[in-house]
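In: using only what follows, build the 3D model:
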Amino acid sequence: MSLRPILGPAGSGKTKKLFETAIKEAGKNPETMYYFLVPEQFSLQTQYDLLSVHPKGGILNIDVTSMARLANAAFTKLSGMKHEFIPEIGKSMIIKKVLNDCGDKLVLYGRNAKHTGFVAEVKALLSELFQYGITEEDLAQAVKDSEKEPMLKRKLQDALTLMAGFRTCLGDRLMTNESMYDAFASVLEKSGIADNAVFILDGFTGFTPSQSNLLKEFMRLGKDVYVSFTIDEKSVHPSLPEYDVFHMSMEALTKLEKLAEEAGCDVKKPVFTDYDKYSSENLKALERGLFRTGTAKTTWDRSVVIYSASDVTEETKRTAAEIERLVRTQG
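Out: Residues are numbered from 1 along each chain as shown. Take a look at the predicted model:
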């Protein structure tokens with residue numbers, strides 16, 4: 001069991017390195033399953049890219065998927081699970097019921113309960129709270145701690161009322177998608193998915209607490225865990241300041257290393273990639289200097305264009321027109 005970080009700045013070949021590793025190792029170990037995990041919106045594109053560079057044009061023991069899809073595969077395998085996940089429309093219906101039942105108990109938001117769009121706002125709020133593991137006890141304590149800030153206290157009290165009502169409606173049988181990762185982590189060992197498996201994570205900037213708990217189980221039960229983060233070699237430092245462009249990546253890496261230690265997993269020395277993706281010197285300079293100081297100057301080669309738009313509509317039209325022009329003139 002080991003955690004193997006793959007690090008490098010944007011365009012340095014981190015995904016390319018992971019592709020090469022997965023293809024090479026999967027060929028040598030046909031009995032091992034390699035799960036290439038990416039954010040949901042990138043799964044199909046990543047699968048296509050991996051197939052495009054695979055020398056045999058096909059993959060047998062490499063599964064390009066997302067955490068949510070892998071969780072659903074585990075739940076399908078364990079068909080006896082008692083919980084049922086509710087869709088987004090079901091969540092909205094439950095929130096409407098909670099607002100009808102508890103609307104008069106809302107100190108601050110009571111008058112907004114019937115306004116258009118308020119259900120969506122409540123759903124977004126509850127989703128955030130569930131994703132980051134905030135419980136009713138946490139909110140109750142926050143209410144007590146905000147005695148000197150009346151407005152904040154009323155907001156927290158209403159959030160507590162909404163969460164309590166929502167959980168009451170869910171009961172013991174229903175579960176939200178935000179609870180999926182915790183449920184997956186609890187049955188991962190029983191499902192057998194992690195047995196002799198290698199997990200490869202790419203395209204993530206960080207992980208929620210529930211995702212972190214799942215990754216800890218990956219490291220405890222799996223064979224190896226590869227993970228990539230966008231950060232250059234000189235920025236890899238535990239005390240990287242918050243304003244640094246790579247602070248988020250460094251924070252996620254530090255948390256994963258701590259989880260690996262808790263799981264009894266070896267942390268390997270990071271591998272830094274140096275593949276040069278950009279052919280334009282301007283793009284190279286932009287990558288090296290964006291939000292950073294003390295960078296070298298370069299001569300403008302017209303590959304980077306900056307313009308000002310009055311609103312989002314004008315910006316979108318200008319961008320679409322430029323894309324069309326490039327397609328027509330350069331293919």
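In: what about the strands in the protein?
Out: Here the chain has its strands, by DSSP state E, at 2-8, 33-37, 62-65, 84-85, 174-175, 197-201, 224-230, 266-267, 271-272.
In: looking at these, which has the lowest confidence?
Out: Per-stretch mean pLDDT for the strands of the chain is lowest at strand 84-85 (a mean of 80).
In: just to revisit the earlier point, in TSV: the strands of the chain, plus distance to Ser210 and mean neighbour count.
Out: Using the backbone N, CA and C atoms, a C-beta is placed for each residue, glycine as well. Shown next, in TSV, are those (distance: least, C-beta to C-beta, whole Å; neighbours: other C-beta atoms under 10 Å):
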stretch	distance to Ser210	mean neighbour count
strand 2-8	19	21
strand 33-37	15	23
strand 62-65	18	20
strand 84-85	14	13
strand 174-175	12	17
strand 197-201	15	23
strand 224-230	17	23
strand 266-267	22	14
strand 271-272	28	16
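In: mind putting those into CSV with distance to Asp101?
Out: Shown next, in CSV, are the strands of the chain (distance: least, C-beta to C-beta, whole Å):
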stretch, distance to Asp101
strand 2-8, 47
strand 33-37, 39
strand 62-65, 39
strand 84-85, 22
strand 174-175, 17
strand 197-201, 41
strand 224-230, 44
strand 266-267, 49
strand 271-272, 55
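In: of these, which is nearest Gln47?
Out: Across these, Gln47 has its closest neighbour in strand 62-65 (4.1 Å, C-beta to C-beta).
In: what about that closest one, distance to the chain center?
Out: Chain-centre distance of strand 62-65: 17 Å, with C-alpha atoms, centre = their mean, to the nearest Å.
In: same for that strand, what does it pack against?
Out: Applying 3 or more C-beta pairs under 8 Å, 6 or more residues apart in numbering; DSSP states H and E, one finds that strand 62-65 makes contact with helix 14-28, strand 33-37, helix 43-53.
In: may I have that strand as PDB, with CA atoms only?
Out: Coordinates of the C-alpha atoms in strand 62-65 are reproduced here as PDB (Å, rounded to 0.1, in the frame of the first residue of the first chain):
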ATOM      1  CA  ILE A  62      -8.500  -0.200 -16.600                       C
ATOM      2  CA  ASP A  63     -11.800   1.400 -15.700                       C
ATOM      3  CA  VAL A  64     -12.100   5.100 -16.300                       C
ATOM      4  CA  THR A  65     -14.900   6.400 -14.100                       C
END
